[in-house]
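Engineer: Quick one, what's the 3D model for this:
(one chain, ligands or ions: 1)
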Amino acid sequence: MGPCVKKDSMKSSAPLPREAFRASGKNIYLDHNATTPVASFVREAVVSDLHAWGNAGSIHADGRHPKSLLRESRKQVAELIGAHPLELVFTSGGSEANNTALKGFRNGDRKTVLTSAVEHPSVIRTLKYLEEQGIYKIIQIPVNRDGFMDMDFYQRHLDERVALVSIMYANNETGNIFPIKEMVSMAHEVGAQFHCDGVQSLGKSLVDVKDLGVDYMSFSAHKFYALKGVGALYIKKGRHLDPLIHGGAQERKRRAGTENTLAIASFGRMAERKDEIEAYAKEVENLRDYMESRILKEIDGVSITGKEAPRIGASSSLVLEGVDGETLLMNLDVKGFSVSTGAACSSGNPEPSPVLLAMGLSRQEAQSSLRLSLGWGTSQEDIDLFVTTLKEVVMHVRKIARGEI
Ligand SMILES: Cc1ncc(COP(=O)(O)O)c(C=O)c1O
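Structural biologist: Purely as a prediction, here's the structure:
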């Protein structure tokens, strides 16, 4: 292939239909915060991109096609988030992007990092590690059970000792959205830098890094109908970044390793789907609201965590009194529904969700929780079937718990 090979652009003015983003398994999939199905047009494109098997770093003919895929994808992802292409480093996913930012930023000899109590483990555990190494002191800002960040606490702890503030755009369990723009300008007033874990933002709302004002922001392609194994870190021009992975000169010496060209190209293709983001965000939110209102009306003893604060439209975190979340999940799976009880990355772990505990739920409440996350492929029929089944399963499980059957 020659140097000028361009990806076939799938960009169109009309949003692609729901079927293009629908999970292909036998279950109805309500776990989009864990991962999303690969969009059908992305699957097809991946097959044709296999021809670009060369190393993007090679200067001979076989390196040119992967190199042009890489260049174009960087432009597409950058354009989606309002960045310059050179402000992006492709990583293996959101966890690596978070690790890279937190371990690679520098802000003089400041020693404090402020973060929230509900961050993803790839932020919290990385920061705990840095604290154990004696590098930073970590302060966690509380989030209450209504989903609001304690802004007074934030204000009180922001001073010229703070090197970095790291707050997620949207929580992966409750969907709560935090006031990033306001928090960024408060951080900048005292000279602190700002990292935002934006992994749960793509595909759910349009984000613009310049408008938010962040210094670093992490993204992941597999939460956005593209392939697993790729993510991106936005680094504002002029900000420092030590590489996490040392080696070759890829990514302008900011992330060594031969690029995962196919996955990166899938990310680029999805980044062109702005029309879908706009069209589906509201539709998914309406469907989520419809689902919640049916659940609250038809099933006793249900509460919604984080409902009072702004939320991304796709997520719903329920507490169902008198029901064990794991039992519920397994029963729903048997009946053909994929849901989650907490952070997907830690499912299989019987401990209640640290996010829900941090928000002030009791262990028992957290153990009775169910996380539902809708996607662009979810239909009203799916939701109707789900609510009807949930109602039956909850009644059944509660009867067993009461010893009635
Ligand atoms: C908020 C958030 N941050 C980071 C990650 C990690 O992303 P990845 O799976 O791409 O490593 C996840 C994954 O669930 C997430 O939800």
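Engineer: pLDDT (mean, whole number) over the longest helix along the chain?
Structural biologist: Taking DSSP state H as the criterion, the chain has its longest helix at helix 274-298. On average, the pLDDT along helix 274-298 is 95.
Engineer: Check what contacts it and list those residues.
Structural biologist: 12-16, 21, 80, 203-206, 302, 304, 313-316, 318, 372, 374-376, 378, 380, 383, 386-387, 390-391 (CB atoms under 8 Å, 6 or more residues apart in numbering). Where C-beta positions appear, they are placed from N, C-alpha and C, glycine not excepted.
Engineer: rerun at 7 Å
Structural biologist: 13, 15-16, 80, 203-206, 302, 304, 313-314, 316, 318, 374, 376, 378, 380, 383, 387, 390-391 (CB atoms under 7 Å, 6 or more residues apart in numbering).
Engineer: Would you mind listing the buried residues in the helix or strand that comes right after it?
Structural biologist: As assigned by DSSP states H and E, the chain's next helix or strand after helix 274-298 is strand 302-304. Of all the residues in strand 302-304, those buried under the rule 16 or more other CB atoms under 10 Å are 302-304.
Engineer: from those residues, which is closest to residue 226?
Structural biologist: Nearest to residue 226 among the buried residues of strand 302-304: residue 304, at 29.8 Å, using CB to CB.
Engineer: residues in contact with that closest one?
Structural biologist: By CB under 7 Å, 6+ apart, the contact list for residue 304 reads 292, 316-318.
Engineer: one more time with 8 Å, if that's ok
Structural biologist: Residue 304 touches 292, 296, 316-319, counting by CB under 8 Å, 6+ apart.
Engineer: which residues does it bridge with?
Structural biologist: Bridge pairing for residue 304 (DSSP bridges) gives the partners residue 318.
Engineer: Could you tell me the per-residue confidence at it?
Structural biologist: 98.
Engineer: same question, residue 25
Structural biologist: For residue 25, pLDDT reads 88.
Engineer: again, but for residue 389
Structural biologist: Predicted confidence (pLDDT) for residue 389: 98.
Engineer: Check which helix or strand it maps to.
Structural biologist: helix 380-401.
Engineer: So which bits of that helix are buried?
Structural biologist: Buried residues in helix 380-401 (16+ other CB under 10 Å): 382-383, 386-387, 389-390, 393-394, 396-398.
Engineer: now swap in stretch 115-128 and tell me
Structural biologist: Those would be 115-120, 122-124, 126-127, for stretch 115-128 by 16+ other CB under 10 Å.
Engineer: Filter those residues down to the ones in strands?
Structural biologist: 115-116 (DSSP state E).
Engineer: ok and the longest helix of the chain relative to helix 380-401, angle-wise?
Structural biologist: 40 degrees (axes from the mean of the first three to the mean of the last three CA atoms, to 10 degrees).
Engineer: mind listing what's buried in helix 274-298?
Structural biologist: So for helix 274-298, counting by 16+ other CB under 10 Å, buried means 276-277, 280-281, 283-285, 287-288, 291-292, 294-295.
Engineer: chain center to it, what's the gap?
Structural biologist: Put simply, helix 274-298 sits 18 Å off its chain's centre (CA atoms, centre = their mean, to the nearest Å).
Engineer: got it, and stretch 156-164?
Structural biologist: On CA atoms, centre = their mean, the centre of stretch 156-164 falls 26 Å from that of its chain.
Engineer: same deal with stretch 103-119?
Structural biologist: 20 Å.
Engineer: Which parts of it count as buried, going by neighbours?
Structural biologist: 103-105, 107, 110, 112-119.
Engineer: Out of the buried residues of strand 302-304, which is nearest to the ligand?
Structural biologist: residue 304 (19.2 Å; CB to the nearest ligand atom).
Engineer: Show the residue spans covered by the strands in the chain.
Structural biologist: With DSSP E as the criterion, the chain has strands spanning 28-29, 88-91, 112-116, 137-141, 162-168, 193-197, 216-220, 231-235, 302-304, 315-320, 337-338, 369-373.
Engineer: can you redo the ones you listed as CSV with distance to residue 70?
Structural biologist: Below are those laid out as CSV (distance: least, CB to CB, whole Å):
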stretch, distance to residue 70
strand 28-29, 31
strand 88-91, 8
strand 112-116, 32
strand 137-141, 36
strand 162-168, 28
strand 193-197, 24
strand 216-220, 16
strand 231-235, 12
strand 302-304, 42
strand 315-320, 32
strand 337-338, 33
strand 369-373, 31
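Engineer: Out of those strands, which is closest to the ligand?
Structural biologist: That would be strand 216-220 among the strands of the chain, by CB to the nearest ligand atom, at 3.3 Å.
Engineer: For that closest one, what is the distance to the chain centroid?
Structural biologist: Strand 216-220 has its C-alpha centroid displaced from the chain centroid by 9 Å (CA atoms, centre = their mean).
Engineer: wait, what's in contact with the nearest residue to residue 226 once chain neighbours are set aside?
Structural biologist: What sits nearest to residue 226 in space, not counting adjacent residues and going by CB to CB, 6 or more residues apart in numbering, is residue 266, at 4.0 Å. Applying CB under 8 Å, 6+ apart to residue 266 gives the contacts 38, 42, 45-46, 49, 221, 226-227, 230.
Engineer: quick one: which of those has the most company?
Structural biologist: Taking other CB atoms under 10 Å as the neighbour criterion, residue 221 ranks highest of these with 33 neighbours.
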